[in-house]
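J.: Predicted coordinates and the sequence they were generated for:
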Protein chains: 2
Amino acid sequence: MGKAGGLLMMDANDVIKEVNTYLTGLLQKDMDVYAASRHLVLAGGKRLRPLMVVRVYEALGGDGREVIPAASSVELVHNFTLIHDDIMDNDDFRRGVPTVHKAYGVPLAILAGDLLFALGYKAISDSKPFMEDERKFFRAVNALSRYVIELCEGQNMDIKPPAEFNDRYYFELIKKKTSSLFMLSALYGVYGMGRYDLEGYAEKFGENFGIIFQLTDDLLGLIGNPEVTKKPVGSDLREGKSTLPIHLAIRKADGELRSRILSVYGKGADNRIMEDIVNRIRALNIEEDVKRIIRVYLNEALSALDHLGSGDANSELRKMVEGLVERQY
Amino acid sequence: MGKAGGLLMMDANDVIKEVNTYLTGLLQKDMDVYAASRHLVLAGGKRLRPLMVVRVYEALGGDGREVIPAASSVELVHNFTLIHDDIMDNDDFRRGVPTVHKAYGVPLAILAGDLLFALGYKAISDSKPFMEDERKFFRAVNALSRYVIELCEGQNMDIKPPAEFNDRYYFELIKKKTSSLFMLSALYGVYGMGRYDLEGYAEKFGENFGIIFQLTDDLLGLIGNPEVTKKPVGSDLREGKSTLPIHLAIRKADGELRSRILSVYGKGADNRIMEDIVNRIRALNIEEDVKRIIRVYLNEALSALDHLGSGDANSELRKMVEGLVERQY
């Protein structure tokens, strides 16, 4: 353990372990809807959002163990949205296991999502700072509602995209779909410590963290190494996703490559053909273009982070956001 | 307007009008998910739950206008569960209009339910007493989470019924599925006035109100007059629903009628045949049997109501619960 704002910082593995213990306890009931909920929640996941809650709380001088349920709250809500999104997108696999609706059917999957959403609210009040100070609780609950509304709007934008890709729509979408729960995580941390004055910095940190997370994810979805991503080569291209890296590639490609890209976009092709196209996209240096954009958001995230406490936990947050950019392609 | 605990009581039509105005405002955004949400929310409904919130608050001496958003919160949650239940049950019509998933597709219907659920939490903090006193807010939010969890468990019981009908399962199911939101409504009223000492009475009133509501509804579903119910004769019998009135009829019928009932149960038949069977069930006097059971719950509800304030609003609550029993068959 290291020191954080004068207090001991939890080991990341201990955070994950304690979050998993709390989640297991909440979901242990012997009913189908609980089994369906456990299916995804306990199938893994990096627990990035819970870690962010704990680290922000610690960076401001709090004892991370006090916010394990609030940290788990964000994870519950995250899993609720994944389960419902997978139904809407008709996806078959997630975290290496069949999606909940494939394993338990659509009715139980809808219900499992609803249950996890309600448990997400319940978990807030299991956390010491939010249990003991209703003003903190008031802020946290309202932030949760606000960001789930954002998520719903983002999902709406995702299932009804405009005919033509445009950058503004893309960035608004990822702020709503990906940044929302990171913003919420950082807010839980500052609310837990009663530091309402830091609300704006928490939101700025979470928003930029989410954008970087999604941009790197979308870069991986285009040019990622199948051995690292565990997905087929050029998977976002095959699925016809509307991401910035894909559209940068389409814009930058010469006429011949552009028509080859468009010929497999949303349709896919043999691995050999896909590999050839993806290699030619790599040669366009899309990675450098995206990383140049990411650096802008990284600077924003780090300048917000300067205001979110100090010590080892603050350094951990810096490592988390920098670690996103260094993911292997 | 009448007097309630020393204050003026709102006219029921004004409550409904103000709830509808609040809901319309909340859902006015120009996006598909909001349109899908408005589709059911603004298609009608008796607004019984919002009325209960207002009346309990008034009976304890409050000004009903202060809790219109909290009253609307229960209605939002009620509509969220209806939309998701209709997808799970694959129902085509509700309140005389196509169900949300029939009109907008399953993805937007799932999303509309999620949005309404989040808005249900948001609405609590729009209400004066809950905005101004975070301790009241804390209680209300935790009650909302608790009762949505109950609703999810109830829906789970509903989609996975036991092979054999049993009364205990039936009553546990309707407490979870129907009583939950009436319990929540009565709780909002007492929490709004800070009368935490009346929690138990609010729950008892709401629980029994819900049981009576469902028993009369299930009686109507068996022997209701199609002109009143706007449903085909013997509709619950056709759909194979597992209700107490149906199973009372099966138990009470002689061998020949019992096999005729079972031959149409869950399968349906010509209107002429159904009408004949339902008439023979009516002759068994199932209505009197069910009403005898209802009177037990009515006494419980009224004895709880004696503790929930006084004046015109308290009398209105009595009329509401007595009115359930007097619904036309």
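T.: Looks like it arrived, so ask away. For clarity, every value in this text was computed on a predicted model and none was experimentally measured.
J.: who touches residue A:124 in this structure?
T.: A:69, A:70, A:73, A:130, A:137, A:140, A:141, A:144, A:188 (CB atoms under 8 Å, 6 or more residues apart in numbering or on different chains). Quick note: C-beta positions are derived from backbone N, CA and C, even for glycine.
J.: Let me have the residues you listed in a markdown table, extended by pLDDT, secondary structure and neighbour count.
T.: As requested, the contacts of residue A:124 are arranged in a markdown table below (pLDDT from 0 to 100; DSSP: H, G, I helix; E, B strand; the rest coil; neighbours: other CB atoms under 10 Å in any protein chain shown):
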| residue | pLDDT | secondary structure | neighbour count |
| --- | --- | --- | --- |
| A:69 | 98 | helix | 25 |
| A:70 | 98 | helix | 32 |
| A:73 | 98 | helix | 31 |
| A:130 | 98 | helix | 27 |
| A:137 | 98 | helix | 24 |
| A:140 | 98 | helix | 24 |
| A:141 | 98 | helix | 29 |
| A:144 | 98 | helix | 27 |
| A:188 | 98 | helix | 32 |
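J.: So which of those residues reach chain B?
T.: A:137, A:141, A:144 (CB under 8 Å from any CB of the partner chain).
J.: ok, for the first one, nearest residue in space, not its chain neighbours?
T.: Translated: residue A:137. Among residues not flanking residue A:137 along the chain, residue A:130 sits closest, at 4.4 Å (CB to CB, 6 or more residues apart in numbering or on different chains).
J.: Out of the helices and strands in chain A, which is least certain?
T.: strand A:3-4 (a mean of 47; mean pLDDT, DSSP states H and E).
J.: Around chain B, pick out the residues from chain A.
T.: A:31-33, A:84, A:87-88, A:106-108, A:110-111, A:113-115, A:117-119, A:121-122, A:125, A:134-135, A:137-138, A:141-142, A:144-146, A:148-149, A:152-153, A:155-156, A:159-160.
J.: Can you say which of the residues you listed are buried?
T.: Those of the residues of chain A next to chain B that meet the buried threshold are A:32-33, A:84, A:87-88, A:106-108, A:110-111, A:113-115, A:117-119, A:121-122, A:125, A:134, A:137-138, A:141-142, A:144-146, A:148-149, A:152-153, A:155-156, by 16 or more other CB atoms under 10 Å in any protein chain shown.
J.: Which parts of the stretch 201-329 of chain A are strands?
T.: Counting by DSSP state E, counting those that start in this stretch, the stretch 201-329 of chain A has no strands to list.
J.: low pLDDT regions in it?
T.: Across the stretch 201-329 of chain A, the ranges flagged by pLDDT under 70 are A:328-329.
J.: mind listing the helices for it?
T.: A:226-229, A:235-239, A:244-252, A:255-264, A:271-283, A:286-305, A:311-325 (DSSP state H, counting those that start in this stretch).
J.: Contacts made by the fourth one with the rest, please.
T.: Where contact means CB under 8 Å, 6+ apart, the residues beyond helix A:255-264 that reach it are A:234, A:237-238, A:249-250, A:253, A:269, A:273-274, A:277, A:280-281, A:284.
J.: ok, and the closest non-adjacent residue to residue A:114?
T.: That would be residue B:152: by CB to CB, 6+ apart, it lies 5.4 Å from residue A:114.
J.: what's near enough to touch the one you found?
T.: Residue B:152 touches A:33, A:111, A:114, A:115, A:118, counting by CB under 8 Å, 6+ apart.
J.: run the last query once more with 10 Å
T.: Residue B:152 sits next to A:31, A:33-34, A:37, A:110-119, B:81, B:84, B:176-177, B:180 when contact means CB atoms under 10 Å, 6 or more residues apart in numbering or on different chains.
J.: For the closest residue to residue A:87 other than its chain neighbours, give me its contacts.
T.: Distances taken as CB to CB, 6+ apart put residue A:101 closest to residue A:87, at 4.8 Å, once the chain neighbours are dropped. Residue A:101 makes contact with A:36, A:83-84, A:86-88, A:90-92, A:107-110, A:112-113, according to CB under 10 Å, 6+ apart.
J.: what does the domain assignment say about chain A?
T.: A:7-160, A:195-329 (automatic domain parsing).
J.: Present these as JSON lines; the columns should include distance to residue B:321.
T.: Below are the domains of chain A laid out as JSON lines (distance: least, CB to CB, whole Å):
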{"stretch": "domain A:7-160", "distance to residue B:321": "27"}
{"stretch": "domain A:195-329", "distance to residue B:321": "44"}
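J.: Give me whichever of these is most buried.
T.: Sort the domains of chain A by mean neighbour count, taking mean count of other CB atoms under 10 Å in any protein chain shown, and domain A:7-160 sits at the top with a mean of 22.
J.: chain center to that one: distance?
T.: Its chain's average C-alpha position is 11 Å from that of domain A:7-160, according to CA atoms, centre = their mean, to the nearest Å.
J.: Need the distance between the two termini of stretch A:96-111.
T.: 22 Å (CA to CA, to the nearest Å).
J.: Quick one: mean pLDDT over that stretch.
T.: Averaging pLDDT along stretch A:96-111 gives 96.
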